[in-house]
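Asks: Test case, fold it:
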Amino acid sequence: MALNDYYQCDVCGGKAFYDANIYDSRYVATYDPTEGCDPIAIKALCPSCAKTHEVIVREKEAGAASLNTETE
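Replies: Numbering: from 1, shown residues only. As a prediction, the model looks like this:
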């Protein structure tokens, strides 16, 4: 399978899970109030990175509209 058929690890960019069969429109949506659905946010780790990292879900801060959770 091609790398672009997989959701890529948010740490190393490796294969996290096979996603070529996901047809949920929210999966590929970006935040746009004119669209008919709200996007979903996905973060995932490959098996190697899952040994040393964890994904933490927390409530957004007031006023945060972006799905981008990366900090600079």
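
Asks: Run a quick check on Cys9 versus Lys43, I expect a contact.
Replies: No. Proximity of Cys9 to Lys43 does not meet the contact threshold set by CB atoms under 8 Å, at 9.6 Å. (Each C-beta comes from the backbone N, C-alpha and C, glycine too.)

Asks: Settle it for me: which of these two has more neighbours?
Replies: Comparing Cys9 with Lys43 by other CB atoms under 10 Å, the one with more neighbours is Cys9, at 20 against 14.

Asks: what separates that one from His53, distance-wise?
Replies: Distance, Cys9 to His53, by CB to CB, to the nearest Å: 9 Å.

Asks: what is in contact with those two at once?
Replies: Shared contacts of Cys9 and His53 (CB atoms under 8 Å, 6 or more residues apart in numbering): Leu45.

Asks: And the helices in this protein?
Replies: Taking DSSP state H to define them, one finds helices in the chain at 25-28, 47-50.

Asks: Point out where the protein drops to low pLDDT.
Replies: Confidence mapping of the chain against pLDDT under 70 gives the ranges 1, 3, 20-33, 35-39, 64-72.

Asks: Strands of that one, residue ranges please.
Replies: Listed from the start of the chain, the chain has strands (DSSP state E) covering 6-8, 15-18.

Asks: The longest one - contacts with which helices or strands?
Replies: Spelled out, that is strand 15-18. Using 3 or more CB pairs under 8 Å, 6 or more residues apart in numbering; DSSP states H and E as the contact criterion, the neighbours of strand 15-18 among helices and strands are strand 6-8.

Asks: With the first one instead?
Replies: Counting by 3+ CB pairs under 8 Å, 6+ apart, the packing neighbours recorded for strand 6-8 are strand 15-18.
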